[in-house]
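Q: Next come a sequence and a model predicted from it.
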Amino acid sequence: MTACGLAVLGVLVLIVYELVWRSNLSWKAFGLKFFAASDWDPVNEHFGALPFIFGTIVSSMLALIIAVPLSVGVAVFTTEMCPKALRGPLSFFVELLAAIPSVIYGLWAIFVLVPILSQYVQPFLQKTLGWTGLFDGPPFGYSMLAAGIILAIMIVPIISSITREVLMVVPQHQREAALALGATRWEMIRIGVLRNARAGIVGAIILGLGRALGETMAVTMVIGNRPEIAKSLFAPGYTMASVLANEFSEATGDVYLSALIEIGLALFFVTIIVNALARLLVWTVTRGQPARGHA
Amino acid sequence: MTGVAVLTVVLVLLPLVAIFGYLLYRGIGSINWAFLTQTPKPVGEVGGGMANAIAGSAFILGIASIIGVPFGIGAGIYLAEFGRNRLGSAIRFTADVLNGVPSIVIGIVAYSIVVLYQKHFSALAGGAALAIMMVPTISRTTEEMLLLVPQALREAAYGLGVPRWRTTLSITLRTATSGVITGIMLAFARVAGETAPLLFTAFGNQFWSLRYDQPTAALPLQIFVYAISPYDEWHRQAWAGALVLIVLIVSAVAAVRYVVRHGTFGAA
């Protein structure tokens, strides 16, 4: 039994060892410049990861901006306002969203979301908010915007289910005390519930961020896959995970493969840090009970 | 303000309804007997199916379960019965963190520890990648379920002179069986739809292959390849495949919920 337990630790060590060892070649060739250079040229073996890092960060942030208000709203609704009979089915439906495989999100996004974006949403945004410069360029559909939206749909269940758990451990007295002081229901939720659950909600959001950073298939299918840093959200981009998905099995040459693995290593460390931080925050609120975010 | 909260719920449920609705609409029209029993036809020919991918997925998941389930349960038992110490906490935390490692990174690791040594893309490599992803989920749920077993049962067994390992296996684990199976099903549902770690491990295959050391087709991979292709016939099959996949996963999740609610432990 101890061996099985140690195997869990072993797997983590193995992951780190393999990634570090196999990316050594690229590390030697490019050093730290790898993360600051933006040319990705497999033919001449010049590799820089900046466009992918940019794409990963922008698409995840976009997803958070869309998903956070929605998920907190859903969590507040299910814990504080919703009739008891609706609570079960509602959380079941939100959990169903989490159970859909990412390739099916991608499939749906290609055939439904992208056409809607290019025909209706993008022209509309261009007309109303075009002056910001964020919505320039031809409305293709396949874009950073599409990736952000599909990611948002995918991380809502994680953020909202953990926020719900966090809200449920806020002691009932807090609510009663706020109400007794004459607070309206919304003041009670704001002062008595949300403020007490702050750390946990932030944890839930960071956990959602961790998922968004590493999400591969759905993003690869809609982001357009062009290693460029563009200001416009309508321009295609590329993320760290999707360059791995697209190019890993076709990488010719050791440096190319090693550069891809180094991107994997960077992705791994970022998600590990993000996740560890989130777990700690959620743990401090729910006092050691595991946060159930998946499936 | 209540209106705002209701609006968020509607906005969240809207994609769900849209996805399932469109999936049913496109999928049901595309599924037929040939889809479930034939292998893919060459580009341009109408017909053919994903039988090899469905079988391949089952095969890869089988390999993953053979590797992942014993380790997961073992780690869970360790955490619940012997893990009230610093090592236990470290393992618990590692399992939670492993849960968040992007699946594509797990794919890279499976590639470098299996594919590079076999010199082949293979079902075994795909299974290994999925197994790594199953272990954290299984171990954490197993632990939770074992902790729900009343202490009195263990003490009764000790009182009868049963050794500790025997108590754990025949009393504690036995009592928590339905809960442990729930955990396995959850892990199963989670990895069944995984595509990213299979891209460069199982790799996919247009033909029948159920050998552990050969590239093997998998349903999610086939859906991905067909979805980004330019052919209408392949798009149709991608929808059909997606419907098959989602039915498998949703029924697993629904079964889990049913067991959790009506199983040995009343409250979940």
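A: Here it is on my side, so go on.
Q: What are the boundaries of the helices in the stretch 51-200 of chain A?
A: Under the criterion DSSP state H, counting those that start in this stretch, the stretch 51-200 of chain A carries helices at the ranges A:84-99, A:102-108, A:114-116, A:122-129, A:144-168, A:172-180, A:185-187, A:198-214.
Q: Any chance of JSON lines for these, columns distance to chain B, mean pLDDT and mean neighbour count?
A: Backbone N, C-alpha and C define where each C-beta goes, glycine included. Shown next, in JSON lines, are those (distance: least, CB to the nearest CB, whole Å; pLDDT from 0 to 100; neighbours: other CB atoms under 10 Å in any protein chain shown):
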{"stretch": "helix A:84-99", "distance to chain B": "5", "mean pLDDT": "83", "mean neighbour count": "16"}
{"stretch": "helix A:102-108", "distance to chain B": "4", "mean pLDDT": "94", "mean neighbour count": "27"}
{"stretch": "helix A:114-116", "distance to chain B": "10", "mean pLDDT": "94", "mean neighbour count": "16"}
{"stretch": "helix A:122-129", "distance to chain B": "17", "mean pLDDT": "88", "mean neighbour count": "14"}
{"stretch": "helix A:144-168", "distance to chain B": "5", "mean pLDDT": "93", "mean neighbour count": "26"}
{"stretch": "helix A:172-180", "distance to chain B": "15", "mean pLDDT": "89", "mean neighbour count": "14"}
{"stretch": "helix A:185-187", "distance to chain B": "5", "mean pLDDT": "88", "mean neighbour count": "14"}
{"stretch": "helix A:198-214", "distance to chain B": "3", "mean pLDDT": "91", "mean neighbour count": "24"}
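Q: Now find how far off-centre stretch A:232-247 is within its chain.
A: 14 Å (CA atoms, centre = their mean, to the nearest Å).
Q: Could you do stretch A:197-212 as well?
A: Using CA atoms, centre = their mean, the offset of stretch A:197-212 from its chain centre is 10 Å.
Q: cool, stretch B:97-106 as well?
A: So, by CA atoms, centre = their mean, the centroid of stretch B:97-106 is 14 Å from its chain's centroid.
Q: ok, now stretch B:55-65?
A: Worked out by CA atoms, centre = their mean, stretch B:55-65 lies 10 Å from the chain centre.
Q: Repeat that for stretch B:178-185.
A: Worked out by CA atoms, centre = their mean, stretch B:178-185 lies 12 Å from the chain centre.
Q: Check stretch B:180-199 too.
A: 1 Å.
Q: Repeat that for stretch B:163-178.
A: 25 Å.
Q: Flag every buried residue along that stretch.
A: For stretch B:163-178, burial by neighbour count (16 or more other CB atoms under 10 Å in any protein chain shown) applies to B:167, B:168, B:171, B:172, B:173, B:175, B:176.
Q: Three-state assignment for residue B:120, please.
A: coil (DSSP: H, G, I helix; E, B strand; the rest coil).
Q: Could you count how many residues lie near whatever residue of the stretch 151-268 of chain B ends up closest to chain A?
A: Proximity of the stretch 151-268 of chain B to chain A (CB to the nearest CB) peaks at residue B:193, 2.3 Å away. Residue B:193: 23 surrounding residues under other CB atoms under 10 Å in any protein chain shown.
Q: What values do phi and psi take at it?
A: phi -100, psi 0 (degrees, to the nearest 10).
Q: for the one 3 residues further on, same thing?
A: Listed backbone geometry of residue B:196 is phi -50, psi -50, with angles given as degrees, to the nearest 10.
Q: I figured it hits residue A:239, correct?
A: No. Using CB atoms under 8 Å, residue B:196 is not in contact with residue A:239, being 11.9 Å away.
Q: higher neighbour count, the two?
A: Neighbour count, other CB under 10 Å: between residue B:196 and residue A:239, residue A:239 has more, with 32 against 28.
Q: Might you report the residue contacts of that one?
A: A:52, A:55, A:56, A:59, A:147, A:219, A:220, A:223 (CB atoms under 8 Å, 6 or more residues apart in numbering or on different chains).
Q: burial of the closest residue to the residue of the stretch 151-268 of chain B closest to chain A other than its chain neighbours, as a residue count?
A: Nearest residue to residue B:193, sequence neighbours excluded (CB to CB, 6 or more residues apart in numbering or on different chains): residue A:101, at 2.3 Å. The number of residues packed near residue A:101 is 24, by other CB under 10 Å.
Q: okay, the helices of the stretch 51-200 of chain A in a markdown table with distance to residue A:228 next?
A: Listed next are the helices of the stretch 51-200 of chain A as a markdown table, based on distance: least, CB to CB, whole Å:
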| stretch | distance to residue A:228 |
| --- | --- |
| helix A:84-99 | 31 |
| helix A:102-108 | 21 |
| helix A:114-116 | 19 |
| helix A:122-129 | 18 |
| helix A:144-168 | 10 |
| helix A:172-180 | 50 |
| helix A:185-187 | 45 |
| helix A:198-214 | 20 |
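Q: State the distance from the closest residue to residue B:115 other than its chain neighbours to residue B:3.
A: In space, and not counting its chain neighbours, residue B:115 is closest to residue B:125: 4.8 Å by CB to CB, 6+ apart. To residue B:3, residue B:125 is 52 Å away according to CB to CB, to the nearest Å.
Q: that older thread, the residue nearest to residue B:193 touches residue B:190, doesn't it?
A: No. Look at residue A:101 against residue B:190 with CB under 8 Å: they stay out of range, at 9.1 Å.
Q: which parts of the helix or strand bottoming out on mean pLDDT in chain B are buried?
A: Lowest by mean pLDDT, DSSP states H and E among the helices and strands of chain B is helix B:232-262, with a mean of 86. By neighbour count on 16+ other CB under 10 Å, the buried set for helix B:232-262 is B:233-246, B:248-249, B:252-253, B:256, B:259-260.
Q: need the next SSE after the helix or strand harbouring the residue nearest to residue B:115, C-terminal direction.
A: Assigned by DSSP states H and E, residue B:125 belongs to helix B:123-148. Downstream of helix B:123-148, the next assigned helix or strand under DSSP H and E is helix B:151-159.
Q: Need the mean per-residue confidence for that following helix.
A: Taken as a whole, helix B:151-159 has a mean pLDDT of 92.
Q: And stretch B:125-140, by the same measure?
A: The model assigns stretch B:125-140 a mean pLDDT of 94.
Q: Could I have the CA atoms of it written out in CSV?
A: Taking Å, rounded to 0.1, in the frame of the first residue of the first chain, the C-alpha atoms of stretch B:125-140 are listed here in CSV:
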residue,chain,number,x,y,z
ALA,B,125,1.5,4.2,-24.5
GLY,B,126,-2.0,5.6,-24.8
GLY,B,127,-3.1,3.3,-22.0
ALA,B,128,-0.2,4.4,-19.8
ALA,B,129,-1.0,8.1,-20.4
LEU,B,130,-4.6,7.6,-19.4
ALA,B,131,-3.6,5.4,-16.4
ILE,B,132,-1.5,8.3,-15.0
MET,B,133,-4.6,10.5,-15.3
MET,B,134,-6.9,8.0,-13.5
VAL,B,135,-4.7,7.4,-10.5
PRO,B,136,-5.3,10.7,-8.6
THR,B,137,-9.1,10.6,-9.0
ILE,B,138,-9.4,7.0,-8.0
SER,B,139,-7.0,7.4,-5.0
ARG,B,140,-8.8,10.4,-3.6
